[in-house]
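Engineer: Using only what follows, build the 3D model:
(chains A, B, C, D and E)
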Amino acid sequence: MVIFKSKRKIGLSPGSMVYVGEKTDEPVKISIMDYNAERLDEFPEATAEDIKHCMAEDSVTWINLSGIHDLAIVENIGKQFDLHPLLMEDIVNTHHRAKIDDYENYLFLVLKMVFREPEASSLLFEHVCLVIGPDYLISFQERESDVFGPVRERLIKAKGRIRKSGVDYLGYALIDMIVDHYYVILEQMGEEIEAIQDESLGNPTTKTLNAIHDVRHRIVFLRKTIWPMREMISSLLRKESELIHSGVKVYLQDVYDHVIQVIDTVETYRDLLSGTLDSYMSSVSNKMNETMKVLTVMATLFIPLTFFAGIYGMNFKYMPELEWRYAYPAFWVLVITVFSLMIWWFKNKKWL
Amino acid sequence: MVIFKSKRKIGLSPGSMVYVGEKTDEPVKISIMDYNAERLDEFPEATAEDIKHCMAEDSVTWINLSGIHDLAIVENIGKQFDLHPLLMEDIVNTHHRAKIDDYENYLFLVLKMVFREPEASSLLFEHVCLVIGPDYLISFQERESDVFGPVRERLIKAKGRIRKSGVDYLGYALIDMIVDHYYVILEQMGEEIEAIQDESLGNPTTKTLNAIHDVRHRIVFLRKTIWPMREMISSLLRKESELIHSGVKVYLQDVYDHVIQVIDTVETYRDLLSGTLDSYMSSVSNKMNETMKVLTVMATLFIPLTFFAGIYGMNFKYMPELEWRYAYPAFWVLVITVFSLMIWWFKNKKWL
Amino acid sequence: MVIFKSKRKIGLSPGSMVYVGEKTDEPVKISIMDYNAERLDEFPEATAEDIKHCMAEDSVTWINLSGIHDLAIVENIGKQFDLHPLLMEDIVNTHHRAKIDDYENYLFLVLKMVFREPEASSLLFEHVCLVIGPDYLISFQERESDVFGPVRERLIKAKGRIRKSGVDYLGYALIDMIVDHYYVILEQMGEEIEAIQDESLGNPTTKTLNAIHDVRHRIVFLRKTIWPMREMISSLLRKESELIHSGVKVYLQDVYDHVIQVIDTVETYRDLLSGTLDSYMSSVSNKMNETMKVLTVMATLFIPLTFFAGIYGMNFKYMPELEWRYAYPAFWVLVITVFSLMIWWFKNKKWL
Amino acid sequence: MVIFKSKRKIGLSPGSMVYVGEKTDEPVKISIMDYNAERLDEFPEATAEDIKHCMAEDSVTWINLSGIHDLAIVENIGKQFDLHPLLMEDIVNTHHRAKIDDYENYLFLVLKMVFREPEASSLLFEHVCLVIGPDYLISFQERESDVFGPVRERLIKAKGRIRKSGVDYLGYALIDMIVDHYYVILEQMGEEIEAIQDESLGNPTTKTLNAIHDVRHRIVFLRKTIWPMREMISSLLRKESELIHSGVKVYLQDVYDHVIQVIDTVETYRDLLSGTLDSYMSSVSNKMNETMKVLTVMATLFIPLTFFAGIYGMNFKYMPELEWRYAYPAFWVLVITVFSLMIWWFKNKKWL
Amino acid sequence: MVIFKSKRKIGLSPGSMVYVGEKTDEPVKISIMDYNAERLDEFPEATAEDIKHCMAEDSVTWINLSGIHDLAIVENIGKQFDLHPLLMEDIVNTHHRAKIDDYENYLFLVLKMVFREPEASSLLFEHVCLVIGPDYLISFQERESDVFGPVRERLIKAKGRIRKSGVDYLGYALIDMIVDHYYVILEQMGEEIEAIQDESLGNPTTKTLNAIHDVRHRIVFLRKTIWPMREMISSLLRKESELIHSGVKVYLQDVYDHVIQVIDTVETYRDLLSGTLDSYMSSVSNKMNETMKVLTVMATLFIPLTFFAGIYGMNFKYMPELEWRYAYPAFWVLVITVFSLMIWWFKNKKWL
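Structural biologist: Just a heads-up that it's a prediction; the model follows:
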């Protein structure tokens, strides 16, 4: 994962659009859903004409862009809806944090979607922007992932109150969808942490340590992403804008609760992991201590005895002990006595 | 303990109820207590009819559900009292944190009850929800534990002011009951910590270390649970709702004080444990140092001497010393001198 | 010290009095001082009659209870002054933190007095409660210690403005007395910390480590106790109650300053101790490193040489070197050369 | 980098100018850009006369000083625009933190520009001050670096809205330029951190450790510099001054977002580095443990066996074993048995 | 340095003056400067009469006391100006933290001056109190140091606006003087820290460690002193008192900025030192690891070989190898093979 990338070349005027995300060749796809309580029209591959047509109707128009790497297309949309240049710059600056800007005629929301990278454990953040106007909502997605599929389905099947409600409720549904993905990540992470804890109680290895550091690494990025989301939704809740009706506030409060729960859980994970790391480190210390004791016991037992054996291996001509009849058995008595005393002393020190 | 579970399948509309707690086959039990200062009717196994009947009377009606895994029953209650779908979703989302929502006609409170798991040291949290209306209170319990037994008893025996007071006082009594259970957990934990401290001053073992980490682990979850409880009760205190009479506020302030005391105590426990862990770790370091000194002293004393013994164990044909008359006693003099110097040097270094 | 004790049996109604402090057989002593600027009456062992009599007079009546373990006596006082049941519960719940409750007709203050245990270094906290009414002040002390002696003396000798002032000034004097005791504890602790710092610079031993952990342990409890005291006095300062005259506020501000200074000093102690612990730990690490170097130097010097001596101690029949004329002196040349190279290498590595 | 330098000699009156930056002989260069939507006049080496002339016109006058070490020149400018002495003192006090002062007729902004030192990794901070008046802006740069070049170019080429806007927009453009430079530094730092992380997962060496500490060191100074910048821009945003038009606020909000992102990223870097340091330290611990095990295994295997070999190398006259026919093979059987048992035991302990 | 001293004997009434600073025999010196824009009278050794005389004039009267250990003299001043007893108590309580009290007719400021102890590195804090009245300023200094000399000089030489301004500007000048001294301390400390960092990158020794702990120790006290100073000046800035004219506020804001810079720098120093300590500790760990490797390599290389040499030093009668013709060269082949394999293995493990 690229940690951080500059947003634009130094010296460009504000509003200059520079795409800093991954390069890709896939075409940008514009889709439209135009609906009210009675009817729903879907344009999977919409043109500028379709947009104009839909906007003319008395309906909620949801325009979705999958892919923002084609600056010309994004800019066209911007011109059609007369969006502020600074906003345009932020849409394609995929490293921007979550935020909300109020441009009177429309609200601009930056959100961060989270995925797990397909074959790896690392996280992938997607830059998602919403422009919420009085009767239209434009969503910009960095990748062509079908994050909003379930919302689309609910619209088509007219499930729940989504078709009967306005643009603000649609905005809520999309934010809710994004926050829900954090739950999935947290659930997986929770299972990993439990596995790590079990391992670190049983027989922790270097692999356990790497797993701890790996999850900690991901948590750093999760925290960095989720805190601005919290701020953003909280300021959306407190906003006195005509674009957000009071009936939708209770739903936004619910999303806010979910974000708080995500933060809570992330903080709990941090505490758990730091506890596990402490426990791992102290277990390593303990093991080293054990190893040291074994070494010390062995060395202390045999080094003096080896010295004594060495003494009587010397070849001096005049060594009276060598001639004695019971010198050898006496030597063994000495060895066994010293050995026993040492053992007793170690037992006393609780080393054995 | 399952650390965290996703609340619902991604893409369900808000208000969709998904039970994420432990599966169980026990039937959901609905019980009602209907009372005023003069009379009290109890329905241990109530039906929808009983509820309708009690609601009609001019009395306080307390409906209690033990078990929320049977979504149909919970939903029925919801419909009967016209409860908001988001509220219904939160009742069965057993991983939700404590909170309070104000739905004008009723207050919705999420509380977390704490138990100690029967045969283990780990904690068990129970999801408890209260809906406080003008003349009724519905309590939803995740498990069939008789947490509220003592309140029921006080109602029957008409002890204290509970029968003379309204729904808000009943709500206070239930919250108070739940907070009281934290005191029990804290008292047990306090005793454990004292035992750990005594051990870590005496002869700390790996078992002590595991005990420290075990209590720390539980404290992470206690903190995670109690802080939202504090927020919830604090916002209940500040709420200007007709459902909470000012006479009950002094009691709620008392519960609030208790929650603060719980938090205080949990934080103190954390500090104590982190002190104990530091003390354990430095004692391990000290012990390793001691072990090292023993090893070094032994090795340093005997390794050079063994070398000298080895010298005179060599079989060179021409080694003049071997022939000397007093070579052997001289060797011993050398050994004892070196030995004494070493001992003196170690004493000097405070290693002996 | 018992870390924490549950306040009451689960299920008792609020206001149920349960004494959780140490059991004792000493009788509860009630004493009264009844005074105004002109006269002072003292009742060292007062009865209910005395109280009634004093309350009738136009004077300040200070009733002091030494000992709160006799619930009947405490309850009688409560009834005589019509005190709220929740307040009564808190008087005998000796583990309650400092707080202030405003019951309109009187203020209820919980304070924590601190002592040093006579023969030990650990701290002893005493639960002290004050009820401040319009013309009376009731003080409840957990133990029969003469904490308030100096105030009594100032009253008798009519020193300072105490006799000319009202109940609120008396309350201030008592709080001030309690805060002053923290200064004594802090001064003693400061001396201990200085001694520890001197030791840890000189020759730190395991005793130093234990001293550090011991003081840290006490500081955890001091902090736990003093922060609520600060809150309590701060909210007393901001309170708009008829019971506290503005003239007394400047004195309360002074006590508040003292509490802040206590907190400041406690935090400084924490920082100093954590610095001392770091310094101790790094000195242990350094020492271990030194020990290791000695061991390594000795082993590295002699182990290869011993091997060479071992070689020429072998009994092979055909070992040409053994027959050589100058083999033995050559061996010594080898030994001394290897030795010198090693020494030079160690010097190079700054190990010697 | 000089960490900190006193701002002035003790005892000088406030407003005394003392230059504390690096000494240099380069001349101070004054340049002017005088423009409105229609025309632009540039004076690369301006005199006091030029300033007077430009101020007389109905245009935006941007006066830029490269170098502030020549106090006389700075003072002249100060007199010409009647700037407050305290402001003059802060212009040349190059260690001052970022701040904003409102002198009614003009705003005074202190900013810190950041560079990477040409051939080294350490950071270089440049002191930049802006005085924003109703129709003029004076910028003071500590060094003769062309930080503001791109803005000058945009002015000349009349790109974007800069020529059509007033002094406040010019001020915004300069601040934006400075904040953009932080992005560059962060991007470089991010790459370094990624390299460090890769290294610390593979084979961490002391060089890795030094790199960690080096980046941490730079982050300390980045944080110290950027937090006051945030405060400064935030208070500029909230300021109700006639000098800042509401149309420019949306641009300032954008710069503010960028500063927040810089802070966010710096904090993330800190977390990542502290994780990497932990991971490095635990890998060192693990390696030491491995080394210890090898030593212990080798010593434990051979020390007892060497002792036995030593026994039968003794020269006692009466050692019956020496004469036995199969003593030698029996000795090997003993050696192999002991060896196998040891190996089995180590395997059991997971040391092999 | 005495860490903390109790302010007064327990039980004294509030306002009782107890001097807790160092005892000294030097006489207390009172000096007066009486001035307005036109004239200045100086009384280096003033009497009570002089004070009365000066107060009568229409001028600013600055009374300075060097030394506060003579309680009688301090008390006299107090009576002459009718100062509050609590204020008198705080003047002589030299351990009081910085604060500001508003007594309507005058402001009372407690400040802490900082010095470096002449021959040592430790810090010395001086208790300085200011009483700012409508036309007089009394300053109380704990020691007879000429801290305020430069202000006196500016008054005499009529430099700057000091003679034309009132008491409040004089007060500002004195506070500014005190804050300036912190800059000096910080500059010295900064140089020490740079030296420590250079050392810890090169060859850190125990002396480096002690230097780190020494500076950390001083920083604890600097922080403890400077934070209340910040609070004090901030509340002076916000105060709506007739004694502080709005024209002086811009100067006070300047002092406030300086205090913030001091705090900033102290916090930076903390971060730098904690980084340096981490770096020192990890370098110790690394070195220990290196030592261990040397030991392990040496022991592992020679211990098995010594065993083999020991084998063939045994004196068994029947050891066929001993008789073989090429046993000895074969032994050397074995030794060199084992040796080479070990070296290869160590190289593989990156230990060599």
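Engineer: Domains in chain A, by residue range?
Structural biologist: A:29-282, A:290-348 (automatic domain parsing).
Engineer: So which of those is nearest C:P150?
Structural biologist: domain A:29-282 (46.9 Å; C-beta to C-beta). For every residue, glycine as well, the C-beta is placed using N, CA and C.
Engineer: Say whether chain D is contacted by that closest one.
Structural biologist: Yes: under the criterion of C-beta under 8 Å from any C-beta of the partner chain, domain A:29-282 makes contact with chain D via A:84, A:86, A:95-97, A:99, A:101, A:203, A:206, A:209-210, A:213, A:216-217, A:220-221, A:223-224, A:228, A:277, A:280-281.
Engineer: Now the buried members of the residues you listed.
Structural biologist: A:84, A:86, A:95-97, A:99, A:101, A:209, A:213, A:216-217, A:220-221, A:223-224, A:228, A:277, A:280-281 (16 or more other C-beta atoms under 10 Å in any protein chain shown).
Engineer: Check whether stretch A:255-270 comes into contact with chain B.
Structural biologist: Yes: residues of stretch A:255-270 are located near chain B by C-beta under 8 Å from any C-beta, namely A:D257, A:H258, A:I260, A:Q261, A:D264, A:T265, A:E267, A:T268, A:Y269.
Engineer: contacting residues for A:P304?
Structural biologist: A:V338, B:M298, B:L301, B:F302 (C-beta atoms under 8 Å, 6 or more residues apart in numbering or on different chains).
Engineer: can you rerun that using 7 Å?
Structural biologist: Taking C-beta atoms under 7 Å, 6 or more residues apart in numbering or on different chains as the contact definition, A:P304 lies against A:V338, B:F302.
Engineer: What is the neighbour count of the closest residue to chain B within the stretch 51-200 of chain A?
Structural biologist: Relative to chain B, the nearest point of the stretch 51-200 of chain A is A:P150 (2.5 Å; C-beta to the nearest C-beta). If you count neighbours by other C-beta atoms under 10 Å in any protein chain shown, A:P150 ends up with 18.
Engineer: Determine the set of other helices and strands touching the helix or strand harbouring it.
Structural biologist: Following DSSP states H and E, one finds A:P150 within helix A:149-157. Counting contacts by 3 or more C-beta pairs under 7 Å, 6 or more residues apart in numbering or on different chains; DSSP states H and E, helix A:149-157 is packed against strand A:29-35, helix A:167-201.
Engineer: hmm, 8 Å instead?
Structural biologist: Other elements packing on helix A:149-157 under the criterion 3 or more C-beta pairs under 8 Å, 6 or more residues apart in numbering or on different chains; DSSP states H and E are strand A:29-35, strand A:40-43, helix A:167-201.
Engineer: what's downstream of the last one, the next helix or strand?
Structural biologist: The one in question is helix A:167-201. Taking DSSP H and E, what comes next after helix A:167-201 is helix A:206-238.
Engineer: Likewise for the shortest one?
Structural biologist: Proceeding N to C from strand A:40-43, the next assigned helix or strand is helix A:48-56, under DSSP H and E.
Engineer: list the buried ones in that next one?
Structural biologist: A:D50, A:I51, A:H53, A:C54, A:M55.
Engineer: Name the nearest of those residues relative to chain C.
Structural biologist: Using C-beta to the nearest C-beta, the buried residues of helix A:48-56 come closest to chain C at A:M55, 56.8 Å.
Engineer: wait, doesn't that closest one sit right on A:T61?
Structural biologist: Yes: look at A:M55 against A:T61 with C-beta atoms under 8 Å: they come within range, at 5.8 Å.
Engineer: Need the residues touching each of these two.
Structural biologist: A:D135, A:Y136.
Engineer: Return, as residue ranges, the portions of the stretch 151-300 of chain A with sub-threshold pLDDT.
Structural biologist: Within the stretch 151-300 of chain A, no stretch falls below the threshold (pLDDT under 70).
Engineer: let's see 90
Structural biologist: Along the stretch 151-300 of chain A, the parts satisfying pLDDT under 90 run over A:153-154, A:157-166, A:184, A:187, A:197-210, A:238-243, A:245-247, A:278-292, A:298-300.
Engineer: so where does the residue lying closest to A:V179 once chain neighbours are set aside fall, helix or strand?
Structural biologist: Setting aside the residues directly before and after it, A:V179 is nearest to A:H258 in space (C-beta to C-beta, 6 or more residues apart in numbering or on different chains), at 5.0 Å. Using DSSP H and E, A:H258 sits within helix A:246-311.
Engineer: next one: that helix to chain centre, how far?
Structural biologist: 21 Å (C-alpha atoms, centre = their mean, to the nearest Å).
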